[in-house]
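**Q** task: produce atomic coordinates for the following.
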Amino acid sequence: MGDYPTDGIKLTFIKDMAKGDLLDHLKLCDGTKAIFWDPKLKGPFNLIIDWAVLKQHGVKKMFELQDFIPPEVIENKWQSVIMLIRPNLPMIDMIHKAIRSVSVAQREKIDFHIIFVSRKSTMCTQRLEKYNIIGEFKNILELELDLIPFDHDLLTLEYPLGFKEMCTELDDSCLYQVSRSLMSLQSYFGFFPNIIGIGPSAAKAKQISAAYNEKNDAKSLQQLKQFVSKLPHMQAERKSLEIQTAIAGLVKNKIDNRAFRHTLGIEQVLREGIEVDRINEDIEEMIYKQEPIKKVLRLLCIQCIAADGLKPKVIEFYKREIIQSYGYHHLITFDRLEKCGLLYTQEKTPKKSYPILRSTLNLTVNNVNEREPNDIAYVHSGYAPLTVRLVNWMTQRSGLKYLADMVKHLPGPAFNDHQKLSTTQEINRELCVQQIMSLRLPWTRNPLKINDITSSMKKCMGVQESEARCKLATAYRLTHFSGWDELIYGHLTLRVPGTQHILINPFGMHYNEITASSLVKIDLAGNVIDKGTSDFSFQRTGYVIHSAIHENRPDLNALMHIHSRAGVGVACSVDTLVPMCQHSVFIEPVSYHPFRGIVTEESEKVELAENFVAPSKCLLMKNHGLLTGGATIEEAFIRMYMFQIVCQAYVDAGYTHRPVPSEKILSEDVIKQSVEAAASQDGKHFGMLDFRALARQLDSAGYETGYPHP
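**A** Residues are numbered from 1 along each chain as shown. All right, here's what the predicted structure looks like:
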């Protein structure tokens, strides 16, 4: 992970990915929608997406999943009913009853959909087939939601039944989700050099991870290309504070309870190993009072672990008293606790594993600083969870050499693997990191595709306009990924082939949101011909600047105008650019235009046209920014790339506040030779090869540019 910024791992993008995936699934569900939740999913999804966002995507109401469809769904004629569930059979049984509660005639008017979180199981599919309702569903989808972002620096797996399924039901399918989540983290943030596992389940998870890694090896490069650090926003920070405040209130209500404090006191005594080898009077009293069985069994298991097992007569006493007080059905409970390894008989010679671990790992802390807590033991009144201490210990170099001594005191086998990249993987990773840093390809599982033109749209606008829209939208995305965009400002325009109409960005959309269909088509008089698919119009400033040049420069079909940092810096400090590097030969001759304020009046079009005449294709707009033109959008973009490099060179070399030395200025002969050499490589279509290569990068990252590659 040394290849990435070291100012802390940002986990908020996982929330954005999950939100994007859910919205993509909702787009597949037509019309107005009603969502039926698995009750256990409601909390996690509240951390990911707001009701307002769901409402914007056609969701009219959300219901807890029941065995019937409420009448209002039928009465309001909502088109799509979406079942959002985890893959378990009771949920399928309930869905079956819900669908059967609707008449056949009414079902024909509703589109049913299932979204499984986080994967669809074979058993659920078979149960749907058994009920003969699988044909009722228009879509059966999977939402890969392994890790749920609880906060900007905290993830939760939200699998409360995992321990029960694995240890008592011997169903280790949950390990697939655990393994996949770890592989996802590795693909997001880099290679895990050391993997340490303890226990039989860890060994199983390792096998699943290896298989999953082999299956998805081809995808990891694509994922690495998309990584980008995202900064938390004010709104997210406020929501995080609200969540933490609410949690603090709930916790306070819990810990102020007298019964809770009494139980906590018993736990503390047991954790200290005090009189754990005999019948505990407090546990005995709780059994007689028939306090909640979970509380009693929890204390019983803590005593067993602290004592390295209970003596046979102590276990028999507890079993007898609990069965008499709570019922014979708890014989099964004891059987399951024994299978889980939480309740067992003490050996003749106890290993004293817990006392050794408690002392070595400092599991109990007597003097916790409550005013300025600096230890995890603060969270549970002086006790540090074993798993947390193990992680702390393993991350310390000095602790690794003692690891083997500690592991032998833990149940189950252990392993310590060291992963190494192959030479090919190392090279590919380095290339990907370079591309990430230079192109800023965003990390998203489902990127917003550029070519969103439907077949009916294409039929109406024609092939030429469709291709022009895809090319211009691709240029907008590349401008963003190159770091040249400034919020929603700046403009790129392209003449629709065979017309006097131009395509321009909808003012209000970020460059990373622009798609082919969202572009606005206007004429040179500023009349909207096609407003596109967005709710935004075009900006007058962009129209005035670009229409002035398009009217007077028929050789320039494409224009780019940006406010990059280096470009603005040079525009504010340099009177005249001189050719001082090889990139300069691709922008000469440069034209200049003075700053008259923000351009809104058409009167400035005359002066602008007079200052930017052929053969110049690069314009330095003083105190403003950069503008380039070309016969194609490919040419305009690559000339802007060269223009930007020249401006950055001026800034880096310090020539914004002092003249370029004469010996550094390129001669006319050198410029001529360089232009001819470049022309022989690129042919008459300047920038075409470069732009195609960049478009391929977007396509390989899943952006679906629609760019017409030869």
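**Q** show me what the one helix or strand I99 maps to is packed up against.
**A** Take DSSP states H and E as the rule and I99 turns out to sit in helix 89-100. Counting contacts by 3 or more C-beta pairs under 8 Å, 6 or more residues apart in numbering; DSSP states H and E, helix 89-100 is packed against strand 80-85, helix 122-130. Yep, even glycine has a C-beta here, placed from its N, CA and C like the rest.
**Q** could you give the angle of the shortest one to helix 122-130?
**A** For strand 80-85 against helix 122-130, the angle between stretch directions is 140 degrees (axes from the mean of the first three to the mean of the last three C-alpha atoms, to 10 degrees).
**Q** what about stretch 585-597, start to end distance?
**A** 30 Å (C-alpha to C-alpha, to the nearest Å).
**Q** actually stretch 366-375, not the one I typed
**A** Terminal residues of stretch 366-375 are spaced 12 Å apart (C-alpha to C-alpha).
**Q** give me the residues contacting it.
**A** Under the contact criterion C-beta atoms under 8 Å, 6 or more residues apart in numbering, stretch 366-375 has outside partners 365, 377-378, 381-382, 384.
**Q** what is the burial count for A693?
**A** Neighbour count of A693, defined by other C-beta atoms under 10 Å: 9.
**Q** cool, the one 3 residues further on as well?
**A** The burial count assigned to R696 is 13, neighbours taken as other C-beta under 10 Å.
**Q** which one of the contacts of stretch 366-375 is nearest M509?
**A** Using C-beta to C-beta, Y378 comes nearest to M509 of the contacts of stretch 366-375, at 47.3 Å.
**Q** can you give me the helices in the stretch 501-650 of the chain?
**A** Remark: helices assigned in the stretch 501-650 of the chain by DSSP state H, counting those that start in this stretch are 540-552, 565-573, 604-611, 633-653.
**Q** residue ranges of the strands in the stretch 251-400 of the chain, please?
**A** Listed from the start of the chain, the stretch 251-400 of the chain has no strands (DSSP state E, counting those that start in this stretch) to report.
**Q** any weak-confidence spans in it?
**A** 395-400 (pLDDT under 70).
**Q** got the CA coordinates for the helix holding I99 in CSV?
**A** Output of helix 89-100 as CSV, limited to C-alpha atoms (Å, rounded to 0.1, in the frame of the first residue of the first chain):
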residue,chain,number,x,y,z
LEU,A,89,-35.1,-19.7,2.8
PRO,A,90,-37.5,-18.1,5.3
MET,A,91,-37.4,-14.9,3.2
ILE,A,92,-38.2,-17.0,0.1
ASP,A,93,-41.1,-18.6,1.9
MET,A,94,-42.5,-15.2,2.8
ILE,A,95,-42.1,-13.9,-0.8
HIS,A,96,-44.0,-16.9,-2.0
LYS,A,97,-46.9,-16.1,0.3
ALA,A,98,-46.8,-12.4,-0.7
ILE,A,99,-47.0,-13.1,-4.4
ARG,A,100,-49.8,-15.7,-3.9
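**Q** quick revisit: most tightly surrounded among the helices and strands packed on helix 89-100?
**A** With neighbours taken as mean count of other C-beta atoms under 10 Å, the helices and strands packed on helix 89-100 reach their highest mean count in strand 80-85, at a mean of 23.
**Q** now it against helix 89-100, angle please.
**A** Inter-element angle recorded for strand 80-85 and helix 89-100: 160 degrees (by the same axes, to 10 degrees).
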